[in-house]
Structures are given as C-alpha cells and as structure tokens.
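Asker: curious how this folds, go ahead:
(one chain, ligands or ions: 2)
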Amino acid sequence: MLAGPTAVGKGTVSADVRDRYPQVWLSVSATTRSPRPGEVDGVHYLFVSPEEFDRMVAAGEMLEWAVVHGHNRYGTPRRPVEQKLAAGVPVLLEIDLQGARQVRDAVTASGLEARFVFLAPPSFDELVRRLVGRGTEDSEERERRLATARVELAAEEEFDVTIVNDDVHRATDALVAVMGVGMGVGSTTPVAG
Ligand SMILES: Nc1ncnc2c1ncn2[C@@H]1O[C@H](COP(=O)(O)OP(=O)(O)OP(=O)(O)O)[C@@H](O)[C@H]1O
Ligand SMILES: Nc1nc2c(ncn2[C@@H]2O[C@H](COP(=O)(O)O)[C@@H](O)[C@H]2O)c(=O)[nH]1
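Answerer: Ligands and ions are numbered 1, 2, ... in the order given. Here you go, the predicted model:
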C-alpha cells in the first residue's frame with residue numbers, strides 16, 4: 001500500500017513498478033474525476049459516473065473509498081484485489097490517507113499481511129515544484145491539494161516505512177523490496193529475492 005502527498009510521485013513510481021516489476025499487480029482504482037490527457041480508462045483508472053460509483057459502493061464492491069481533495073471520489077474495487085491475493089500475486093494499492101486507514105482496519109480484522117508505505121518528498125518546496133511542473137491542475141485545485149498534503153505529511157508516522165522519492169528508480173526499488181519482491185529490470189538497488 002503506497003500513499004503520500006499530492007505530486008510526490010506515487011503515480012510515477014507505480015508506473016515504474018508496472019514497467020520493471022511485472023510480477024507486481026497494480027490495483028486500478030475507480031474514480032469520478034475526469035481523465036487527464038493521456039490517461040486511459042482501465043489502465044490508469046476506471047473512470048465512472050457518480051451514479052456508477054454510488055452503485056459500486058452500495059453493492060459492497062469497494063474495498064475502500066474516499067472523497068479526496070474535497071470533491072472527487074476514488075475507490076479500490078474489491079474483487080480483483082481478492083482474486084490476485086488468493087492467487088499469491090503481490091498487490092500494490094496507490095491510495096490516499098483516508099483509504100490507507102480503511103485498509104489498515106480491514107487488514108487488522110482479516111489477518112492479511114500488508115505493508116503501509118509513505119512516499120515522502122525531498123522537501124515541501126520540491127513538492128510544490130512537482131505539482132506546478134505537472135501542469136494538470138489550476139491554481140485553485142493546486143491550493144486544495146497542498147492543503148491536503150499538509151494533513152498527509154503530518155500522518156507519516158502511521159505508516160510502516162517512509163521512502164523519500166528523490167530518484168524514481170531508487171524509490172521503486174525500495175518499495176518492491178519492502179513488498180518482498182525480487183530484482184526488476186534495470187534495478188539500481190540490489191534487493192533480496
Ligand atoms: N523523483 C522525482 N524527481 C523529479 N520529479 C518527479 C519525481 N517523481 C515524480 N516526479 C514528477 O512529479 C510530478 C508529480 O508526479 P505524480 O503525478 O506521479 O505524483 P502523484 O503523487 O501521483 O500525484 P497525485 O497524488 O496528485 O496524483 C510529475 O510531473 C512527475 O514527473
Ligand atoms: N482512497 C483512495 N484514494 C485514491 C485511490 N486512487 C487514487 N487515490 C488517491 O487520490 C489522490 C488524487 O489522485 P489524482 O489521480 O486525481 O491525482 C491521490 O492521493 C491518489 O493516491 C483509491 O482507490 N482510493
């Protein structure tokens with residue numbers, strides 16, 4: 001389970017896991033937000049209407065879900081996660097703090113094994129630079145996201161491990177090492193297999 005403030009690089013690190021560690025399965029979240037340019041339905045997210053999201057929640061199809069940054073909803077479809085875990089496949093969830101807390105409760109209740117990883121920026125200024133540099137949000141949305149970021153940064157101690165995302169490959173290798181997954185293509189850090 002990977003969480004951390006907006007623009008720290010969770011999506012970038014997750015994509016690097018997908019590229020270099022194909023043995024890890026990345027959960028595809030459902031969201032009510034609109035796709036950004038280049039985002040593909042079913043790959044980056046399942047882009048659903050608010051009505052479809054309501055239906056999924058009511059039907060018990062979400063492992064966890066939350067309103068993130070005050071408006072859009074995001075959730076983890078339960079069934080694919082359970083199927084992968086039952087098949088012994090390592091699963092990576094990239095979710096927000098509220099979702100992480102829900103998964104923590106579910107894991108505690110079920111006795112499943114999970115590691116909670118906090119991805120941290122080298123500095124707050126660098127976080128702002130990344131958010132502005134990504135160029136996908138207007139200034140109002142950036143302010144909302146930075147307000148959430150302050151709350152998320154204050155919750156770092158709730159996580160099992162912190163990884164500083166100063167270098168994408170290094171952060172990816174550290175993440176999969178925490179998950180107990182072996183060396184990937186082009187790894188920069190040797191990890192136990
Ligand atoms: N280690 C890094 N060094 C420099 N830039 C980075 C690094 N990791 C990610 N970035 C850049 O930072 C920006 C934000 O990354 P990304 O979209 O992956 O963040 P995120 O945590 O998924 O954000 P959000 O929670 O808002 O979805 C992107 O432009 C990405 O290219
Ligand atoms: N609780 C959940 N949070 C999720 C999920 N999928 C993504 N997220 C988090 O939402 C924010 C914003 O994402 P963005 O793509 O709009 O920038 C970010 O913190 C994600 O980690 C989910 O299934 N559940």
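
Asker: okay, now the residue of the chain found nearest ligand 2: neighbour count?
Answerer: Taking C-beta to the nearest ligand atom as the measure, the chain has G99 as its residue closest to ligand 2, at 2.5 Å. In short, each C-beta sits where N, CA and C put it, glycine included. Using other C-beta atoms under 10 Å, G99 has 23 other residues around it.

Asker: and the helices in this structure?
Answerer: Using DSSP state H, the helices found in the chain span residues 10-20, 50-58, 78-86, 97-110, 124-134, 139-153, 168-178.

Asker: let me know which of those helices is tucked in deepest.
Answerer: Across these, the average number of neighbours (mean count of other C-beta atoms under 10 Å) peaks for helix 168-178, which reaches a mean of 21.

Asker: using PDB, list the CA coordinates for it.
Answerer: This file holds the C-alpha atoms of helix 168-178, laid out as PDB (Å, rounded to 0.1, in the frame of the first residue of the first chain):
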ATOM      1  CA  VAL A 168      12.300   7.300  -9.200                       C
ATOM      2  CA  HIS A 169      14.200   4.100  -9.800                       C
ATOM      3  CA  ARG A 170      15.600   4.100  -6.300                       C
ATOM      4  CA  ALA A 171      12.200   4.800  -4.700                       C
ATOM      5  CA  THR A 172      10.700   2.000  -6.800                       C
ATOM      6  CA  ASP A 173      13.400  -0.500  -5.900                       C
ATOM      7  CA  ALA A 174      12.900   0.400  -2.200                       C
ATOM      8  CA  LEU A 175       9.200  -0.100  -2.500                       C
ATOM      9  CA  VAL A 176       9.300  -3.500  -4.100                       C
ATOM     10  CA  ALA A 177      12.000  -4.500  -1.500                       C
ATOM     11  CA  VAL A 178       9.500  -3.700   1.200                       C
END
